[in-house]
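Undergrad: Sequence and predicted structure are below.
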Amino acid sequence: MSHRPSLFEATTWITEAALQHPDDLVPHVAHRLGTHRRLARALLRQLVAAQWLHCSGPKPLVRYRPGDFRQVIRRYALAGLQEDQPWTQDIAPCLALPEQVARMARWALAELLGNAVAHSGGRAVTVSVRQTPLQLQMLVSDDGQGIFDKLALSHHEPDPVQGLLSSRGGLQRTALLADVMDVHANQVGLQQCDWDRGHWAPRRPVSARGTAVYVAICLDTGRTLESVLQAAAQANQVWADALPMARLPERGLVAVTQATQA
Ligand SMILES: Nc1ncnc2c1ncn2[C@@H]1O[C@H](COP(=O)(O)OP(=O)(O)O)[C@@H](O)[C@H]1O
Ligand SMILES: [Mg+2]
């Protein structure tokens, strides 16, 4: 006897299935689940009601396409991973995002994958990307040593909050692009929100091993990739100028004057 397919489980693959099988989704789903067409049809009706699918056309010729909720989940080996390839090849084709959100998401994902490749020491990374009517949500989890242990060892920063606050690299920029960003590793979970910039609040840690970074960007964000990267560069310039000033007051003052004149 065929079991009733799970709606939740189907949301992990229905976006790609609808793109690949717009005209024959019922037989495809029935075959995939090893179930009757009747149960596959019932599942598709549930997915349409929950906005995971749109359907159009008269009954025997019904066509399906992805709805307002979309999801792609992929696992990649870290060895030889090109950091921009997952977005262009597997993820972007499944989404329908405002252009500015797509550009920020592409940049953030490439940065997080680059970090997993360069810093994690792990073997694989899982990327889960979900579009909702309000947000783009990405979760990038590797199976490496964990960012907070890494920061403690290589940056001599044992405090996870200070470790994230002192980042002047891609992580800081990714946090500035996001409306919400979570970083989980080494039994620590931290979250920064757009409405509370500069504050990493504790969260219940979720990753058993490695590093998991969650980034949510509102679809109606007023930010752009350029405005965020420019603001970060300016903030980092002030910060970089302030360092020599703190240590060597005279040289620091010269550096600030030059930066203002430039
Ligand atoms: N996935 C990861 N696993 C382990 N350590 C990480 C990971 N991502 C980032 N880090 C640590 O956090 C630091 C800051 O990252 P980032 O701000 O992206 O700067 P960068 O990549 O230029 O060093 C890295 O240098 C590394 O030590
Ligand atoms: Mg980086």
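TA: Received, thanks. Keep in mind the model is a prediction, meaning the values are calculated, not measured. Numbers count the residues shown, from 1 in each chain. Ligands and ions are numbered 1, 2, ... in the order given.

Undergrad: What does the residue nearest the centre of the chain show for phi and psi?
TA: With distances taken as C-alpha atoms, centre = their mean, residue 138 lies nearest the centre of the chain, 2.5 Å away. The phi and psi values for residue 138, taken as degrees, to the nearest 10, are phi -130, psi 140.

Undergrad: after the helix or strand encompassing residue 31 comes which helix or strand?
TA: Assigning secondary structure by DSSP states H and E places residue 31 in helix 25-33. For helix 25-33, the following helix or strand on the C-terminal side (DSSP H and E) is helix 37-49.

Undergrad: Now do the buried residues in that following helix.
TA: By neighbour count on 16 or more other C-beta atoms under 10 Å, the buried set for helix 37-49 is 39, 40, 43, 44, 47. C-betas here are computed from N, CA, C, even on glycine.

Undergrad: got TSV for these, with distance to residue 104 too?
TA: Formatted as TSV, the buried residues of helix 37-49 follow (distance: C-beta to C-beta, whole Å):
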residue	distance to residue 104
39	40
40	37
43	34
44	32
47	28
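
Undergrad: filter the residues you listed by proximity to ligand 1?
TA: Taking C-beta under 6 Å from any ligand atom as the test, ligand 1 is in contact with none of the buried residues of helix 37-49.

Undergrad: between those, which is closest to residue 126?
TA: The shortest approach to residue 126 among the buried residues of helix 37-49 belongs to residue 47, at 23.0 Å (C-beta to C-beta).

Undergrad: Excluding sequence neighbours, find me the nearest residue to the closest one.
TA: Excluding its sequence neighbours, the residue lying closest to residue 47 (C-beta to C-beta, 6 or more residues apart in numbering) is residue 53, at 4.5 Å.

Undergrad: For the one you found, which residues are in contact?
TA: Shown in contact with residue 53 (C-beta atoms under 8 Å, 6 or more residues apart in numbering): 14, 18, 44, 47, 64, 65, 66, 67.

Undergrad: closest to residue 215 among these?
TA: Comparing the contacts of residue 53 against residue 215 with C-beta to C-beta places residue 66 closest, at 21.0 Å.

Undergrad: distance of whatever residue of the stretch 101-250 of the chain ends up closest to ligand 1 from residue 80?
TA: Nearest residue of the stretch 101-250 of the chain to ligand 1: residue 169, at 2.3 Å (C-beta to the nearest ligand atom). For residue 169, the distance to residue 80 equals 23 Å [C-beta to C-beta, to the nearest Å].

Undergrad: Neighbour count: those two, which is higher?
TA: residue 169 (12 against 7; other C-beta atoms under 10 Å).

Undergrad: Around ligand 2, pick out the residues from the stretch 1-150 of the chain.
TA: Residues of the stretch 1-150 of the chain lying close to ligand 2 by C-beta under 5 Å from the ion are residue 115.
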